[in-house]
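K.L.:
Got a sequence here, can you build the structure:
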Amino acid sequence: MTAATPSVARPRMRMIPWRAPVAVVAALVISYLVIANAAGAQAQEQFINALTIGALYALIALGYTMVYGIIELINFAHGEIFMCGSFVAWWLITTMGFTGTIHDLPILVIVLVVVFLVSMLVMGVVGVIIERFAYRRLRNAPRLAPLITAIGVSFILQNLVFVGISNSIVKVPQLIPFDLLQIGPLAIREINLFVIVFAVALMIALQLFITRTRLGTAMRSTAMDREAAQLMGVNINSTIAITFFIGSALAGAAGVVQTQYLGNTVFNIGFQSGLKAFTAAVLGGIGNTTGAAVGGFVIGFLEVTSSVYGIGRWSEAIVFGALVVVLIFRPNGILGQQLADRA
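P.N.:
Alright, predicted model coming up:
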């Protein structure tokens, strides 16, 4: 009698995720047609503005969704971290003595690298400090306690800037040129191209980090089941601290982008932008980084489209109305998934 040959499982072929890029292209085409219906000759410019604003919201939303995915905390101080990042960028640029656009490309690249690295590092450290002294002891407390604490931290940061720096709008030198580039049929300003490409590059880098690295695996396992991850050797405190560092660093980068795109900042800018970024995270699926990015772009297009159609004053009502409609039919957001309750 011959021994049975053990069956060998064949590796499953990874299918090319063609549906995602097709859906993105279709959404962009539809959005452009909707904008072009009212904008006419300015359709291309308004479409690019929508992409730029959406990229900024998406960058801020990533920090919200990362923190919630790990410890289920809505970090309302995240908007103020974004605001502080814009002031760090302002201080760096003015301290280095720059007052306007830099047309020398090597110098521009060096200055931007310094500003982004320092702003992201400073705000990342601030995020870790906030987690260590404001949130860590409240992990097992009723959910209302860390939520109120987060609101308190946001007021502390806002008032520190209000009292210590300025209580009015601060002008920030815009280093990146606003020159118009012609790329085939596409006419786009250099600042818009920079914001869109930089934001998308950070989103892709974050997604690769979460899915392809050992630390990213630890973060995902902590998000699924904190106790089980700890039993498997994951250092929970370090993982959560790194999550806060990365999320706050992204908010710092968004603060730099904000100063370069608008040319100013103010102590209360974090509330408005943070609220919309949080809405983007919920709209896309809180806890899902890709969903947060999608939600940010959706809100950017809704705001610009409402302005193009002459109802800009209703833009916020339209954004939150869209959120309500989406949550009625998909309570977990556009890309959110239903997960089992944690023990």
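K.L.:
which residues does the closest residue in space to Gln44 that isn't next to it in sequence bridge with?
P.N.:
Distance criterion CB to CB, 6 or more residues apart in numbering; nearest residue to Gln44, sequence neighbours excluded, is Ala187 at 6.4 Å. Where you see a C-beta, it was placed from the backbone N, CA and C, and this is true even at glycine. Here Ala187 sits in beta bridges with Gln182, going by DSSP bridges.
K.L.:
which residues does Ala187 contact?
P.N.:
Neighbouring residues of Ala187 by CB atoms under 8 Å, 6 or more residues apart in numbering: Gln44, Glu45, Leu180, Leu181.
K.L.:
List the buried residues of the helix or strand harbouring Leu323.
P.N.:
Secondary structure from DSSP states H and E places Leu323 in helix 315-329. Within helix 315-329, the residues scored as buried using 16 or more other CB atoms under 10 Å are Ser315, Glu316, Ile318, Val319, Phe320, Ala322, Leu323, Val326.
K.L.:
which helices and strands sit right next to it?
P.N.:
In terms of contacts (3 or more CB pairs under 8 Å, 6 or more residues apart in numbering; DSSP states H and E), helix 315-329 is packed against helix 269-284, helix 289-308.
K.L.:
residues making contact with that helix?
P.N.:
For helix 315-329, contacts defined as CB under 8 Å, 6+ apart pick out 276, 279, 282-283, 298-299, 302-303, 306-307, 311, 333-334.
K.L.:
Swap in 10 Å and give it another go.
P.N.:
For helix 315-329, the surrounding residues in contact (CB atoms under 10 Å, 6 or more residues apart in numbering) are 272, 275-276, 279-280, 282-285, 295, 298-300, 302-307, 309, 311-312, 314, 332-334, 336.
K.L.:
Sort out which of these are buried, if you could.
P.N.:
Burial by neighbour count, 16+ other CB under 10 Å: within the contacts of helix 315-329 this picks out 276, 279-280, 282-285, 295, 298-300, 302-307, 332-334, 336.
K.L.:
can you give me the helices for the stretch 51-200 of the chain?
P.N.:
For the stretch 51-200 of the chain, applying DSSP state H, counting those that start in this stretch gives helices covering 78-95, 105-130, 144-164, 190-212.
K.L.:
Show me what counts as buried in stretch 181-195.
P.N.:
Of the residues in stretch 181-195, Ile188, Arg189, Ile191, Asn192, Leu193, Phe194, Val195 count as buried by neighbour count, 16+ other CB under 10 Å.
K.L.:
That concludes my questions; thank you for your assistance.
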